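Asks: Please find the sequence and the predicted model below.
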Amino acid sequence: MTITEIQKVLRKAIIETAKAQFGVEIGSFAAETPPKTELGDIAFPVAFELAKQIKQATGEKKNPREIAETLKTALELFDFVGKVEVAGAGYLNVFFDRARFIDENAAANLLPNAGIAGPKVCVEHTSVNPNKAAHIGHVRNSVLGDTFQRILKSTGKQVEVQNYIDNTGVQVADVVVGFMFIENMNILAIKELDAHLTASGKSFDYYCWDLYAKVGREYQTDEELKAKRAEVLHLIEEGGNETADLADFVATRNVECILETMERLSIRYDLLPRESEILHLHFWDKAFEQMKQLGVIHYESEGKQSGCWVMPFEEHTGDDENEGDKILVRSNGTVTYTGKDIAYQMWKLGILGLDFNYRHFHKYANGQDVWITVGPQAASLRDAGVPTFGGGETIYNVIDTRQSYPQDIVRKGVAAISPERGEKASIHLAYEMVALSPAAAEELGFALSDEDRKRPFVEMSGRKGLGVKADDLIDRLEAKALAEVESRHADASDEEKQHIAHQLAVGALRYFLLKFTRNTVIVFDFNEALSFEGETGCFCQYSAVRANSIFRKLDENNSVESSERRLLACESSEVRALLNSETGTDIWSMAILASRLDETVHAAATANEPAILAKYTFTLAKAFNLFYHNHKIIAETDETKRALLVVVADMARRSLTAALDTLGIEVPVKM
RNA sequence: GCACCCGUAGCUCAGCUGGAUAGAGUAUCUGACUUCGAAUCAGAGGGUCGCAAGUUCGAAUCUUGCCGGGUGUACCA
């Protein structure tokens, strides 16, 4: 039995006993992990709550300890329970039958549900405007989304990963304005430039990064240029003209660059839905129709919002008469972003009644395919082995917390159309931004105002060109890791050294972004981000590498065969005695910690919080480091003890490897 | 104005639906490589959990009010 299963059985027993003995119905109650193994494996502080309820129901005053004693007797009947202790004022501390538990879990799958295709869910993340290179703030989004997606898969969900491409928005328009009216380039010239950049080892998205910032600066003084923006935007939205073609090329090239950047971090997608198709396939019209029919939207014929279609949004009341309303269609007849997003979310949930057309976009090195949406003219491409996209049972949108308000409106809009799915089907996975300390911003060569310098942090801005570009940071991490690998494994081939350096860089960056909980603003610090010591991905990888190294040695010596490991499986009195000794408790605490992976992954999925898994992984790595320091596994002369150490070390390394894998971090062969 | 988030060790952060002595990393100081590799390990110092009330067997956690910081609040996307 796994811990989760044991917990379930114990809970049920407590509820039944409480009912039978005290006549009280207790609903949910906490099960916690005691602070130390010496205090037990699962603790239930349930007696306090029961005492209260008994008093309410019968007027009888019972001591929590007394209640706990009664429950203890009931729990001790289970054969997987070693003993139960009543501690403190009424804690119920359950100790497992250690030998039995290890016997059952030693060879078990640590993530029993992984790979089982349950209901389909959609996770949207990244969604970087395709007009520049990705910076570290975008990477936080992608790493969070990708890790969360992996967590969901580990709990048995079928996951579709989407990266929304806003290829017809103002941000793309800005860069297009830059190309057309500052650089005076047409699409041919841009293609030439692209080829030239590629040949000289530079990238298109970096060029756009600078150009975008330049356009932003020019706008401040050049009103004429700013006027071009609306013009260009309109042409892009409309499609079928030279400007739109140019924009499409620019956006697509940036998408390719961003996908490459993300692939460096083992982040991949299944689908790239584009805004251009949402427009051209008239998703909004369909949603609009439904909203009108259902009466969740109404036409304003007078007042400030005269001529607009608005959706009431009661939660947000203010002084303004129309504060509670959200405009979806402007008085000039065009639809707002919120309106388009409602239609898009409906598609994701499979309730729009329209679908995109699709084209194969790219095959990743690992064989995974990524598809992109295409317009109506390519309808014939639909049936050529195209997978089914959208229609998720639940949809997760990884979007930074500053978008909470618009996200809330979109979710309520969708809920108004589909009350049966309600607001629960759509989850905003909000996270705080990655900002720069004023010092770091100046270190990057940015002139700050006196006011900015006094602030706790300054936010990154693509528009201003202020930010740490993802590829730059990965490059720095790889270079630093390579130097370290070089100093330790000078004899390895260059290819191998680079591969290891790459794995370490990915581990460092992913862990760095995951160790903070979502609602913590990360004030970016180069020293911390580039560190390989302490609470880092590298630390966790090191622990796993050492574990593998021990097992490699074991195999070489051939001293411990798998059969010998199974020796432990017989619950001999020897093993029992050992496990209940003081060193045994130490070994046991390693085993039980390694067994908490599944529980932790579920907790992370339920709380929508990948940091929970990251913290666990670090704790596990740390515990294993200590474990192999305290216990000499290969050199252990007592055969029984050695077998036990091997089994437990194996549990730890498999758990650690699986945890790292779920975080998207690989274990190098050496480091 | 209103809404949401944050305030925990010098610094950066955890702390699960209230529970056991509030924990990590880092920095500082002191130890440990003839041992399964020291990107490691051990030890030490370091806390009025922003402030004040309240709820109760029990509060870093829940409620209220203050103080300080952040982010939103468009016929922008």
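Replies: Received, thanks.
Asks: what about the helices in the stretch 1-150 of chain A?
Replies: Under the criterion DSSP state H, counting those that start in this stretch, the stretch 1-150 of chain A contains helices at A:3-17, A:47-58, A:64-75, A:98-105, A:136-154.
Asks: Over to the stretch 301-450 of chain A?
Replies: Using DSSP H, counting those that start in this stretch, helices in the stretch 301-450 of chain A cover A:337-349, A:404-417, A:438-443, A:450-454.
Asks: Report the closest residue of the stretch 401-550 of chain A relative to RNA strand B.
Replies: residue A:534 (2.2 Å; C-beta to the nearest atom of the strand). Every residue, glycine included, has its C-beta placed from N, CA and C.
Asks: where along the stretch 451-600 of chain A do the strands fall?
Replies: A:458-459, A:522-524 (DSSP state E, counting those that start in this stretch).
Asks: whoops, I mixed them up, the stretch 201-350 of chain A
Replies: Remark: strands assigned in the stretch 201-350 of chain A by DSSP E, counting those that start in this stretch are A:271-272, A:298-299, A:309-312, A:325-329.
Asks: Can you tell me which of these is most buried?
Replies: Most buried of the strands of the stretch 201-350 of chain A by mean neighbour count (mean count of other C-beta atoms under 10 Å) is strand A:271-272; its value is a mean of 24.
Asks: what sits up against it?
Replies: Residues from elsewhere that reach strand A:271-272 (C-beta atoms under 8 Å, 6 or more residues apart in numbering): A:160-165, A:255, A:358, A:361, A:370-373, A:389.
Asks: Next, the closest residue to residue A:368 other than its chain neighbours: phi, psi?
Replies: In space, and not counting its chain neighbours, residue A:368 is closest to residue A:268: 5.3 Å by C-beta to C-beta, 6 or more residues apart in numbering. Main-chain torsions, residue A:268, degrees, to the nearest 10: phi -130, psi 160.
Asks: buried ones in stretch A:614-625?
Replies: A:614-621, A:623-625 (16 or more other C-beta atoms under 10 Å).
Asks: picking that back up, please identify the most buried of the helices of the stretch 301-450 of chain A.
Replies: Comparing the helices of the stretch 301-450 of chain A by mean count of other C-beta under 10 Å gives helix A:337-349 as most buried, with a mean of 23.
Asks: what pLDDT, on average, does that helix get?
Replies: On average, the pLDDT along helix A:337-349 is 95.
Asks: Spell out which residues sit in contact with the nearest residue to residue A:671 once chain neighbours are set aside, please.
Replies: Excluding its sequence neighbours, the residue lying closest to residue A:671 (C-beta to C-beta, 6+ apart) is residue A:545, at 5.3 Å. By C-beta under 8 Å, 6+ apart, the contact list for residue A:545 reads A:667-671.
Asks: Quick one, grab the pLDDT at residue A:545.
Replies: Residue A:545 is assigned 97 on the pLDDT scale.
Asks: ok, so what distance separates it from residue A:555?
Replies: Distance of residue A:545 to residue A:555, computed by C-beta to C-beta, to the nearest Å: 16 Å.
Asks: same deal with residue A:661?
Replies: Residue A:661 sits 22 Å away from residue A:555, going by C-beta to C-beta.
Asks: out of those two, which sits in the busier spot?
Replies: The neighbour comparison of residue A:661 against residue A:555 (other C-beta atoms under 10 Å) goes to residue A:661, with 16 against 12.
Asks: what sits against the more buried one?
Replies: Counting by C-beta under 8 Å, 6+ apart, residue A:661 has contacts residue A:150.
Asks: now the helix or strand where it lies, how far from the chain's geometric center?
Replies: Taking DSSP states H and E as the definition, residue A:661 sits inside helix A:639-662. With C-alpha atoms, centre = their mean, to the nearest Å as the basis, helix A:639-662 stands 26 Å off its chain's centre.
Asks: Now mean neighbour count, mean pLDDT and distance to RNA strand B too, for the strands of the stretch 451-600 of chain A, in CSV please.
Replies: Formatted as CSV, those follow (neighbours: other C-beta atoms under 10 Å; pLDDT from 0 to 100; distance: least, C-beta to the nearest atom of the strand, whole Å):
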stretch, mean neighbour count, mean pLDDT, distance to RNA strand B
strand A:458-459, 18, 93, 6
strand A:522-524, 20, 95, 5
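Asks: Those: which one's closest to residue A:58?
Replies: Of all those, strand A:522-524 sits nearest to residue A:58, with 53.0 Å by C-beta to C-beta.
Asks: quick revisit: hmm, which two among the contacts of strand A:271-272 are most spread apart?
Replies: A:160 and A:255 (18.1 Å).
Asks: Could you check the pLDDT of the residue lying closest to residue A:521 once chain neighbours are set aside?
Replies: Spatial nearest neighbour of residue A:521, excluding adjacent residues (C-beta to C-beta, 6+ apart): residue A:432 at 4.4 Å. At residue A:432, the predicted lDDT confidence score is 96.
Asks: Next, count neighbours for residue A:432.
Replies: Burial measure for residue A:432: 17 neighbouring residues, criterion other C-beta under 10 Å.
Asks: That one contacts residue A:401, doesn't it?
Replies: Yes - at 5.5 Å, residue A:432 counts as touching residue A:401 under the criterion of C-beta atoms under 8 Å.
Asks: Quickly list what's touching both of the two.
Replies: Shared contacts of residue A:432 and residue A:401 (C-beta under 8 Å, 6+ apart): A:518-519.
Asks: distance between the one helix or strand residue A:629 maps to and the chain's centre?
Replies: Secondary structure from DSSP H and E places residue A:629 in helix A:610-630. How far helix A:610-630 lies from its chain's middle: 20 Å, per C-alpha atoms, centre = their mean.
Asks: what mean pLDDT does stretch A:18-29 have?
Replies: 86.
Asks: Stretch A:551-559 now?
Replies: 78.
Asks: Of the buried residues of stretch A:614-625, which ones also sit close to RNA strand B?
Replies: With the criterion set as C-beta under 7 Å from any atom of the strand, the members of those near RNA strand B are A:615, A:618, A:625.
Asks: how close does the closest residue in space to residue A:350 that isn't next to it in sequence sit to residue A:92?
Replies: Of all residues not flanking residue A:350 in the chain, residue A:391 sits nearest, at 3.0 Å (C-beta to C-beta, 6+ apart). Remark: distance between residue A:391 and residue A:92 (C-beta to C-beta) = 45 Å.
Asks: Mind checking which of these two has more residues around it?
Replies: residue A:92 (26 against 16).
Asks: Contact partners for that one?
Replies: A:14, A:43-47, A:68, A:71-72, A:75, A:84, A:86.
Asks: Swap in 7 Å and give it another go.
Replies: Contacts for residue A:92 were tallied using C-beta atoms under 7 Å, 6 or more residues apart in numbering; they are A:43-44, A:46-47, A:68, A:71-72, A:84, A:86.
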